[in-house]
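K.L.:
Model the following, please.
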Amino acid sequence: MALDTMAKSGSAGRLTGIATLGLLLALAVLPAVAGGLAIDKLTTLFVFVLLAAMWNLLAGYAGLASVGQQVFFGLGGYFALRLVDAGIPPYMALLLGACGAALLAVPLSYFVLRLKGGEFAIAMWVVAEVVRVLVMFDPLIQGETGTSLIALNAVDPELRRNLTYWLALGATTAILGLAYWLLCGRTGAAARAIRDDEEAAASLGIRVFRIKRVIFVVAALGCALAGTIWLSSAITFQPRSAFGVQWTVFMLFMVLVGGLGTFEGPILGAVLFFVLQELFGDFGVWYLAGLGVIAIAFAQLLPEGLWGAIRARTGIDLFPTSSRRRP
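P.N.:
Here you go, the predicted model:
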């Protein structure tokens, strides 16, 4: 029986891998056949997937519920602007800007990761607001007015759209692959132990702070990449928008609806959020209120999220990480 189960699991894993590879190849060549509008929409979807997956990595697997991940989203774009102003080519600056934000997360982790629960969540929000104000004082940013990544205007619009799309596809694939590799290994097992009971994990010899720092920095890198991709697509950078708490609200919604503590759930939640935004995004404050109602309904009726419900009913586990979220 055990051998049969292992064989079925291995066969399902191979099929999932082949399907994923085929999907990635199809997405890579899509700009050759799809229109500009479709490419722009998919770029936005990739940003949402990145944000959802990174918040889930923090909260769903390591128990680090943050309401300040927008600090890395905004810093990625800000560092990219600074690097372009220093003479770095724009697309290289986008990647380096994201790496710079992730590097900044290392010293920051020594302070915020000593806090727990609500203290950590509020501390991250405070950090995001402080950084936003500091960025506004930079003459390059021009306060609330913001600035633009003018260097990208020198690139042919169609080429720029495709390069931004490929950057988004590559970044999403790389970060999701890195996250999955971590979650399937010792780091993932240790993170889940910390999430369930930090003191018990420490008593077992798990290096709690080190594991939390690794997860924190990887999540910062993913959010920063999302910020640089957004900047490349939108061209303009405004501190109030780039560092706005709405990004964390979106992350919360996508993860809670898709399935906290599952690898597939945030991706599904990002797709659902993207569809809702396309259909009802023009309704303004009513749209945001509707998102809140939907999130509350899912928290009450489907606490495991959409993917949790699908998995419970069908037994399908496309990307197993040996994780199950505590009720």
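K.L.:
When you work out contacts or count neighbours from here on, use the C-alpha atoms and nothing else.
P.N.:
Will do.
K.L.:
in the stretch 151-300 of the chain, which spans are helices?
P.N.:
Along the stretch 151-300 of the chain, the segments classed as helices by DSSP state H, counting those that start in this stretch run 157-184, 186-196, 198-203, 208-234, 239-242, 246-258, 265-280, 285-301.
K.L.:
Can you check which of these gets nearest to residue 86?
P.N.:
The closest of the helices of the stretch 151-300 of the chain to residue 86 is helix 208-234. By C-alpha to C-alpha, the value is 16.6 Å.
K.L.:
how about that closest one: buried residues?
P.N.:
Going by neighbour count (16 or more other C-alpha atoms under 10 Å), the buried part of helix 208-234 is 208, 211-233.
K.L.:
Show the secondary-structure elements that that helix is packed against.
P.N.:
Using 3 or more C-alpha pairs under 8 Å, 6 or more residues apart in numbering; DSSP states H and E as the contact criterion, the neighbours of helix 208-234 among helices and strands are helix 36-55, helix 70-85, helix 90-112, helix 157-184, helix 186-196, helix 198-203.
K.L.:
which of these sits most buried?
P.N.:
The densest packing among the helices and strands packed on helix 208-234, expressed as mean neighbour count by mean count of other C-alpha atoms under 10 Å, is seen in helix 70-85 with a mean of 27.
K.L.:
How far does stretch 142-151 sit from its chain's centre?
P.N.:
Distance of stretch 142-151 from its chain centroid, counting by C-alpha atoms, centre = their mean, to the nearest Å, is 24 Å.
K.L.:
Which parts of that stretch count as buried, going by neighbours?
P.N.:
Applying a neighbour-count criterion of 16+ other C-alpha under 10 Å, one finds 143-144, 146-149 buried in stretch 142-151.
K.L.:
hmm, back to that, same list as before, the helices of the stretch 151-300 of the chain that is, but in CSV and with distance to residue 27 and mean pLDDT included.
P.N.:
Rendered in CSV, the data for the helices of the stretch 151-300 of the chain read as follows (distance: least, C-alpha to C-alpha, whole Å; pLDDT from 0 to 100):
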stretch, distance to residue 27, mean pLDDT
helix 157-184, 8, 94
helix 186-196, 29, 91
helix 198-203, 40, 88
helix 208-234, 17, 95
helix 239-242, 27, 92
helix 246-258, 22, 92
helix 265-280, 15, 92
helix 285-301, 29, 82
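K.L.:
Name the residue closest to the centre of the chain, please.
P.N.:
With distances taken as C-alpha atoms, centre = their mean, the chain has residue 51 as the residue nearest its mean C-alpha position (2.2 Å).
K.L.:
correct me, but it touches residue 222?
P.N.:
Yes - the pair residue 51 and residue 222 passes the contact test of C-alpha atoms under 8 Å, sitting 7.0 Å apart.
K.L.:
Once you drop chain neighbours, what's closest to residue 221?
P.N.:
Spatial nearest neighbour of residue 221, excluding adjacent residues (C-alpha to C-alpha, 6 or more residues apart in numbering): residue 102 at 4.7 Å.
K.L.:
first to last residue in stretch 107-119, what's the distance?
P.N.:
In stretch 107-119, first residue to last residue: 18 Å (C-alpha to C-alpha, to the nearest Å).
K.L.:
Distance from that stretch to the middle of the chain?
P.N.:
Between the mean C-alpha position of stretch 107-119 and that of its chain there is a distance of 19 Å (C-alpha atoms, centre = their mean).
K.L.:
who touches that stretch?
P.N.:
In this structure, residues lying in contact with stretch 107-119 by C-alpha atoms under 8 Å, 6 or more residues apart in numbering are 64-65, 120, 123-124, 209, 212-213, 216-217.
K.L.:
rounded to a whole number, what's the mean pLDDT of it?
P.N.:
When pLDDT is averaged along stretch 107-119, the result is 91.
K.L.:
Contacts for stretch 273-290 next, please.
P.N.:
Outside of stretch 273-290, the residues that reach it under the criterion C-alpha under 8 Å, 6+ apart are 45, 48, 253-254.
K.L.:
give the contact list for residue 124.
P.N.:
66-69, 112.
K.L.:
Give me the distance from stretch 97-110 to the chain's centre.
P.N.:
Taking mean C-alpha positions (C-alpha atoms, centre = their mean), stretch 97-110 and its chain are 15 Å apart.
K.L.:
Redo the helices of the stretch 151-300 of the chain as JSON lines? Include distance to residue 19.
P.N.:
Listed next are the helices of the stretch 151-300 of the chain as JSON lines, based on distance: least, C-alpha to C-alpha, whole Å:
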{"stretch": "helix 157-184", "distance to residue 19": "14"}
{"stretch": "helix 186-196", "distance to residue 19": "24"}
{"stretch": "helix 198-203", "distance to residue 19": "36"}
{"stretch": "helix 208-234", "distance to residue 19": "24"}
{"stretch": "helix 239-242", "distance to residue 19": "35"}
{"stretch": "helix 246-258", "distance to residue 19": "21"}
{"stretch": "helix 265-280", "distance to residue 19": "16"}
{"stretch": "helix 285-301", "distance to residue 19": "29"}
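K.L.:
Identify whichever of those helices lies nearest to residue 77.
P.N.:
Across the helices of the stretch 151-300 of the chain, residue 77 has its closest neighbour in helix 208-234 (4.7 Å, C-alpha to C-alpha).
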